[in-house]
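Asker: Fold the following for me, if possible:
(one chain, ligands or ions: 1)
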Amino acid sequence: MNGARIFLGVSGGIAAYKAAALTSTLVQRGAVVDVVMTAEAERFITPLTFSSLTARPVYGSLWDAPERIPHIRLIREAQVALVAPATANLIAKLAAGIADDLLTTALLAARIPCILAAAMNDAMYADPVTQSNIEALRTRGYEFVDPERGFLAERERGVGRLAAEERLVEALERALARKQRWRGKRVAITGGPTREPFDPVRFLSNASTGATAIALAAEAARRGAAVSLLLGPTLLEAPAGVDVVRVTTAQQLYDAALSHAAGADVIIATAAVADWRPAHVSASKLHKTGEGIDVQLAPNPDVLAALGERKGSSFLVGFAAETDDHEVRAREKLRRKHLDAIAVNDVRNERGFGTGENSLVLLWGDDGRRELGTARKDELAARLLDAIEELTACS
Ligand SMILES: Cc1cc2nc3c(=O)[nH]c(=O)nc-3n(C[C@H](O)[C@H](O)[C@H](O)COP(=O)(O)O)c2cc1C
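Answerer: Prediction:
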């Protein structure tokens, strides 16, 4: 950690005192730590403790810092941010985009990996609103160090205790290591469904939500890559620190892919692109007549094949959502579209689409095969990027 710049947020939980021991450990390992406390955290432990340990100013308020915009400078100078402990309140504020103090404002402006170590009463942690806030933040690229089961301040046992210091240090080390590995790389990722209109208010589409692409984009950005995310219509939010190009139709995705993905070091095509579009689009809304209508479909351009033909030295990874003969069909697609690797998922019974978890198998070359397993999409994204790292190093 020698010279690593760490932004340490401390919010108002009973475990705030443990952040002092953590600060001491980080400083002893050579890190430069800037501590930002919420007003409530200052009720539990004084800024003086942290400023003595770090030999640096401790920041609390947006308004009384010696400089004009401390929240931006602090988060820009850091390589990684950790909030320990992260209260239920802080997590809820971040999930809602509330920025009403220095800590939340800085985190909202962050383009660096942000790790939250939740710590609270077990019922507060288990509450569905806390869990859905955590889920929303994970989707936006935040990493969590889950609390542990143990003795809580309320003299009860339960899940809510701040993770042990070693786990917090490990999470910081992992984030710092990851951040270096893709620095200088350009990554383009396509994701989400496309919509193919047949009148001004109706379209053909599919069940893709873009969650896989968003998880991959967040992970690639955490590793330091410059990421372009070409995203079809989805209600999910794009991760911070990623360049997002919104598209609607397959033709728009095709055009965006050729202009934004060209020359990228790694291209990952997860978008569920419609193979066909209505051949005729009515200029005005079609009205119900009680009769059926015929919709003639015309083929869409093949985005993945076009990327394969032009890929140059890019490493091109496709995705195959299959309902039967998964690997046979995927290997055939790998060859036909000149891909370097293909990630196969089984979408029988809509598994894979929109759900938090997925199962992936990665295939490459004539017989390369690796099970990436069944896991949350953010974990699978990390495993897929690890595999790409290995494959690009040996190719
Ligand atoms: C004695 C005491 C202990 C608390 N411990 C926690 C805690 O461990 N986790 C938590 O989420 N909230 C805890 N709270 C509630 C927070 O302090 C409260 O939600 C506060 O508004 C958090 O502000 P902040 O998130 O801006 O720091 C505690 C409150 C008190 C009075």
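
Asker: Low-confidence stretches in the stretch 251-395 of the chain?
Answerer: For the stretch 251-395 of the chain, residues meeting the criterion pLDDT under 70 lie at 347-356, 394-395.

Asker: mind listing the helices for it?
Answerer: Ranges of helices within the stretch 251-395 of the chain are 303-309, 326-336, 377-394, based on DSSP state H, counting those that start in this stretch.

Asker: Between these, which one is closest to the ligand.
Answerer: Minimum separation from the ligand across the helices of the stretch 251-395 of the chain (CB to the nearest ligand atom) falls at helix 377-394, 22.9 Å. Any C-beta I mention is one placed from the backbone N, CA and C, and that applies to glycine too.

Asker: what about Phe151, neighbour count?
Answerer: For Phe151, the count of nearby residues is 10 (other CB atoms under 10 Å).

Asker: residues in contact with the closest residue to it other than its chain neighbours?
Answerer: The shortest distance from Phe151 to any residue that is not its chain neighbour, by CB to CB, 6 or more residues apart in numbering, is 6.0 Å, and that residue is Arg157. Contacts of Arg157 were listed using CB atoms under 8 Å, 6 or more residues apart in numbering, and they are Arg149, Gly150, Phe151.

Asker: hang on, the earlier thing: got JSON lines for the helices of the stretch 251-395 of the chain, with distance to Ala175 too?
Answerer: Converted to JSON lines, those look like this (distance: least, CB to CB, whole Å):
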{"stretch": "helix 303-309", "distance to Ala175": "30"}
{"stretch": "helix 326-336", "distance to Ala175": "32"}
{"stretch": "helix 377-394", "distance to Ala175": "11"}
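
Asker: Tabulate the ones you listed (JSON lines), appending mean neighbour count.
Answerer: Written out in JSON lines, the entries for the helices of the stretch 251-395 of the chain read as follows (neighbours: other CB atoms under 10 Å):
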{"stretch": "helix 303-309", "mean neighbour count": "19"}
{"stretch": "helix 326-336", "mean neighbour count": "16"}
{"stretch": "helix 377-394", "mean neighbour count": "18"}
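
Asker: of all those helices, which lies closest to Trp63?
Answerer: Trp63 sits nearest to helix 377-394 of all the helices of the stretch 251-395 of the chain, at 35.7 Å, using CB to CB.

Asker: hang on, the earlier thing: least confident pick among the contacts of Arg157?
Answerer: Lowest model confidence among the contacts of Arg157 falls on Phe151, which carries 78.

Asker: What separation do you get for that one and the ligand?
Answerer: 13 Å (CB to the nearest ligand atom, to the nearest Å).

Asker: Next, count neighbours for Val273.
Answerer: Neighbouring residues of Val273 were enumerated by other CB under 10 Å; the total is 25.

Asker: residues contacting it?
Answerer: Listed by CB under 8 Å, 6+ apart, the contact set of Val273 reads Thr190, Thr194, Ala250, Leu253, Asn300, Val303, Leu304.

Asker: Now the terminal residues of stretch 242-257, how far apart.
Answerer: According to CA to CA, to the nearest Å, stretch 242-257 extends 16 Å from its N-terminal end residue to its C-terminal end residue.

Asker: roughly how far is that stretch from the heart of the chain?
Answerer: 19 Å (CA atoms, centre = their mean, to the nearest Å).
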